[in-house]
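**Student:** Structure for the following, please:
(chains A and B)
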Amino acid sequence: MKLATWNVNSLSVRLPQVLDWLQAHRPDVLVLQETKQTDDTFPHAELLAAGWQAQSFGQRTYNGVALLSRVAAVDVVRNIPGLLDAQARVIAGTVQGVRVVGAYVPNGQEPGSEKFAYKMAWLEALEAWLREELARHPKLVLMGDYNIAPEDRDVHDPDAWRGKIHCTDEERGHFRELLDLGLADAFRLFEQPPKSWSWWDYRNLAFRRNQGLRIDHILVSAALRSSVTSCTIDKAPRKNERPSDHAPVMVELSAPVH
DNA sequence: ATGTCACCTGGTAGGTGA
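**Tutor:** Below you'll find the predicted structure:
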């Protein structure tokens, strides 16, 4: 079973690339972030024609998430239950016996800002909900754009980024709390090339210089950990014309044990 | 390098968010 996450920075702009990528990799699940379009304009027909069903949770201009799967997702949840949130950031569903949570964690803008406080509160709520969700669904994958670089090795220039957004101790503390729920960072279950990033700023020729951060992650529950056979970042779409600033991250599971 | 991209409003540019 292949599952993937991709912040597409506008699905209406990136739909051709998403369709190409689906055809090339044929994942069972792909969660999208920053679709930036409302559900009434979501491209269900194009995706269905290619073989993927979609659950979308969009909004105008900002945010927006979707869950694409070859087998329809069931028990679909939009946003974090119990959290009053005007922003569309979470879509969850069960696909082929695996609970899939797709998340677009708030950016946070700058430590000390209101947006940073929102990010911290949002992560608290995510952790509380996931604790319950894991009890209900031991086989769980949490994937998306976390807007957190967990360690210095996930940052192209750790000294320059120290204490900056995505790299603060508070954000990294929240990432560790997610791991403490029993989740594992699938990417780090394997030896990986050094300087592996999932996001490169559009500015400063950052991609050409490989100046990026690893902020898109796939966390797997303890029940799934031993069935993970690979986890990779696919840089190829970042080389497209008009790319997203993020690359897809993909995980492969051997047939889930029932 | 405050260096780009996407989207909005409101208009042929400027603001916001990332």
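
**Student:** Give me the packing partners of the lengthiest helix in chain A, helices and strands only.
**Tutor:** For chain A, the helix with the greatest residue count under DSSP state H is helix A:114-136. Packing partners of helix A:114-136 (3 or more C-beta pairs under 8 Å, 6 or more residues apart in numbering; DSSP states H and E): strand A:98-104, strand A:140-145, helix A:169-180. Every residue, glycine included, has its C-beta placed from N, CA and C.

**Student:** distance between whatever helix or strand residue A:224 lives in and the chain's centre?
**Tutor:** Secondary structure assigned from DSSP states H and E places residue A:224 in helix A:222-225. The chain centre lies 18 Å from the centre of helix A:222-225; the measure is C-alpha atoms, centre = their mean, to the nearest Å.

**Student:** Going by neighbour count, list what's buried in that helix.
**Tutor:** Using 16 or more other C-beta atoms under 10 Å as the test for burial, helix A:222-225 gives A:223, A:224.

**Student:** Turn the helices and strands packed on helix A:114-136 into CSV, including mean neighbour count.
**Tutor:** Putting the helices and strands packed on helix A:114-136 into CSV (neighbours: other C-beta atoms under 10 Å) gives the following:
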stretch, mean neighbour count
strand A:98-104, 25
strand A:140-145, 26
helix A:169-180, 16
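
**Student:** hmm, back to that, what does the helix holding residue A:224 rub up against?
**Tutor:** By C-beta atoms under 8 Å, 6 or more residues apart in numbering, the surrounding residues in contact with helix A:222-225 are A:98, A:138, A:139, A:140, A:141, A:182, A:183, A:184, A:189, A:253, A:256.

**Student:** what would those look like in CSV with pLDDT and distance to DNA strand B?
**Tutor:** Formatted as CSV, the contacts of helix A:222-225 follow (pLDDT from 0 to 100; distance: C-beta to the nearest atom of the strand, whole Å):
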residue, pLDDT, distance to DNA strand B
A:98, 98, 27
A:138, 98, 32
A:139, 98, 30
A:140, 98, 25
A:141, 98, 22
A:182, 98, 29
A:183, 98, 23
A:184, 98, 26
A:189, 98, 27
A:253, 98, 29
A:256, 57, 33
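
**Student:** Would you mind listing what in the stretch 101-250 of chain A touches DNA strand B?
**Tutor:** Taking C-beta under 7 Å from any atom of the strand, the part of the stretch 101-250 of chain A that reaches DNA strand B is made up of A:106, A:107, A:109, A:115, A:202, A:203, A:204, A:205, A:242.

**Student:** The last one contacts residue A:13, correct?
**Tutor:** Yes. Residue A:242 lies in contact with residue A:13 (C-beta atoms under 8 Å); the separation is 6.7 Å.
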